[in-house]
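Q: pasting the sequence and the predicted coordinates here, then a few questions.
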Amino acid sequence: MDRKMLRPLGTLQWVGRGRVKPNDYNPNKVSKQNLELLKQSILTNGWTLPIVVRPDYTIIDGFHRWTVAGEEPLVSMLEGKVPVVIVEHKDKAGNIYGTVTHNRARGTHLLEPMKAIVKELIGEGKTVEEIGKQLGMRPEEIFRLSEFSKEDFLRMMIKPDQGFSKAEFITKI
């Protein structure tokens with residue numbers, strides 16, 4: 001078996017919920033009704049999915065599990081702790097890819113936060129091809145979210161290694 005695939009489960013631990021913190025880019029929202037459903041699922045099934053965190057305990061995936069773990073009766077039953085696994089990415093883009101792919105595999109995203117994420121990734125110099133691969137998006141979806149002009153977007157598609165500077169991206173975003 002590939003050790004890289006097993007590494008996160010090797011870091012499984014129960015930590016104080018207060019040690020874990022949300023990220024500042026999660027585009028996923030859950031209704032109050034579904035949060036109650038999540039809490040009920042944990043009460044019925046036990047805790048089946050750990051919270052995925054960076055080495056500094058910032059959440060990559062599991063914000064809603066972390067949220068309901070702070071409510072009764074879970075906070076008492078869990079003695080204020082939550083299960084986490086640690087995943088280390090080489091950059092913020094890797095963290096974002098982790099959050100979005102976990103979420104997209106399970107549900108839907110809000111439009112405005114997704115626009116901000118696509119703009120940030122493009123601003124960091126990520127190619128349309130990489131964003132599409134990492135986030136499971138077609139180029140057309142990235143185009144709609146990027147809000148670039150058709151001409152600018154086509155130029156990025158045709159010459160992905162063109163090397164736009166961050167300053168040039170910022171003026172277009």
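A: Done, it's in. These figures come from a predicted structure and were not determined experimentally. Residues are numbered from 1 along each chain as shown.
Q: going forward, measure contacts between C-alpha atoms and count neighbours the same way
A: Noted.
Q: quick one: low-confidence ranges for this structure?
A: 104-109, 159-173 (pLDDT under 70).
Q: and the strands in it, which stretches?
A: 13-16, 51-53, 59-61, 81-86 (DSSP state E).
Q: Y25 is nearest to which of these?
A: strand 59-61 (9.7 Å; C-alpha to C-alpha).
Q: looking at the strands of the chain, spot the one closest to Q134.
A: Once the strands of the chain are compared by C-alpha to C-alpha, strand 59-61 is nearest, at 14.6 Å.
Q: what packs against that closest one?
A: When contacts are defined as 3 or more C-alpha pairs under 8 Å, 6 or more residues apart in numbering; DSSP states H and E, strand 59-61 sits against strand 51-53, helix 92-104.
Q: about what we covered before: export the strands of the chain to a markdown table and tack on mean neighbour count?
A: Output for the strands of the chain, formatted as a markdown table (neighbours: other C-alpha atoms under 10 Å):
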| stretch | mean neighbour count |
| --- | --- |
| strand 13-16 | 14 |
| strand 51-53 | 25 |
| strand 59-61 | 26 |
| strand 81-86 | 22 |
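Q: bridging residues for K21?
A: K21 forms beta bridges with T58, as assigned by DSSP bridges.
Q: OK, contacts around V128?
A: Applying C-alpha atoms under 8 Å, 6 or more residues apart in numbering, we find V128 in contact with I122, P139, I142, M156, M157, P160.
Q: swap that for R17, please
A: So R17 contacts W66, A69, G70, G80, K81, V82 (C-alpha under 8 Å, 6+ apart).
Q: of those, which is the nearest to I131?
A: W66 (27.3 Å).
Q: neighbours of the closest one, how many?
A: W66 sits with 22 neighbouring residues when counted by other C-alpha atoms under 10 Å.
Q: residues contacting it?
A: Residues near W66 by C-alpha under 8 Å, 6+ apart: R17, I51, V82.
Q: domains in the chain, by residue range?
A: 1-89, 110-173 (automatic domain parsing).
Q: so how far is the first one from its chain's centroid?
A: When distances are taken as C-alpha atoms, centre = their mean, to the nearest Å, domain 1-89 is centred 13 Å away from the chain's centroid.
Q: likewise for the shortest one?
A: For domain 110-173, the gap between its own C-alpha mean and the chain's C-alpha mean amounts to 17 Å (C-alpha atoms, centre = their mean).
Q: distance check, the closest residue to L78 other than its chain neighbours against Q13.
A: Using C-alpha to C-alpha, 6 or more residues apart in numbering and skipping the chain neighbours, the partner closest in space to L78 is A69 (7.7 Å). With distances taken as C-alpha to C-alpha, to the nearest Å, A69 is found 15 Å from Q13.
Q: same deal with I42?
A: From I42 to Q13 the distance is 17 Å (C-alpha to C-alpha).
Q: good, wrapping up.
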